[in-house]
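Visitor: Model the following, please.
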Amino acid sequence: MSDLQDIKLTPPTVVNSTFPQDTLLQTETEMLESSELVSSVEKISRIVSPYFIAIVGLALYKENFLIGTILIVVGILSLLKVSTKDVGNFLDWLKNFLGLGS
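Guide: Predicted coordinates:
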């Protein structure tokens with residue numbers, strides 16, 4: 001036991017073999033690759049999400065009519081690229097058409 005107490009271990013030294021210029025280049029290429037990945041995932045998400053919303057709405061339609069119908073309508077409007085501003089304009093037009101507007 002006394003032999004172990006006499007031995008003092010020193011932590012290994014860390015040698016940084018990369019130069020600052022190399023790490024800067026690596027960081028820039030990693031950022032470019034990650035931004036390309038993010039943009040491609042966003043494009044795929046824009047295409048897939050309206051279909052997913054509509055399919056979930058169809059699955060819920062039997063069990064919960066209201067939520068299913070809302071999801072189906074939101075999915076279809078999203079597929080048709082209808083914005084909330086367009087929906088608001090339509091509701092204002094409908095209100096004025098029915099004579100309920102100011």
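Visitor: What residues does Y51 make contact with?
Guide: G75, L79 (C-beta atoms under 8 Å, 6 or more residues apart in numbering). C-betas here are computed from N, CA, C, even on glycine.
Visitor: give me that answer again for 10 Å
Guide: G75, S78, L79 (C-beta atoms under 10 Å, 6 or more residues apart in numbering).
Visitor: distance of it from S39?
Guide: 20 Å (C-beta to C-beta, to the nearest Å).
Visitor: Ok, E33 next?
Guide: Noted for E33: a distance of 11 Å to S39, by C-beta to C-beta.
Visitor: circling back to that earlier point, out of the contacts of Y51, who's the most crowded?
Guide: Most neighbours among those, by other C-beta atoms under 10 Å: G75, with 20 neighbours.
Visitor: and the residue nearest to the spatial centre of the chain, what element?
Guide: By C-alpha atoms, centre = their mean, the chain has its centre lying nearest to E42, at 6.9 Å. E42 belongs to helix 20-60 when elements are defined using DSSP states H and E.
Visitor: for that helix, the distance to its chain's centre please.
Guide: What separates the centre of helix 20-60 from the centre of its chain is 7 Å, taken as C-alpha atoms, centre = their mean, to the nearest Å.
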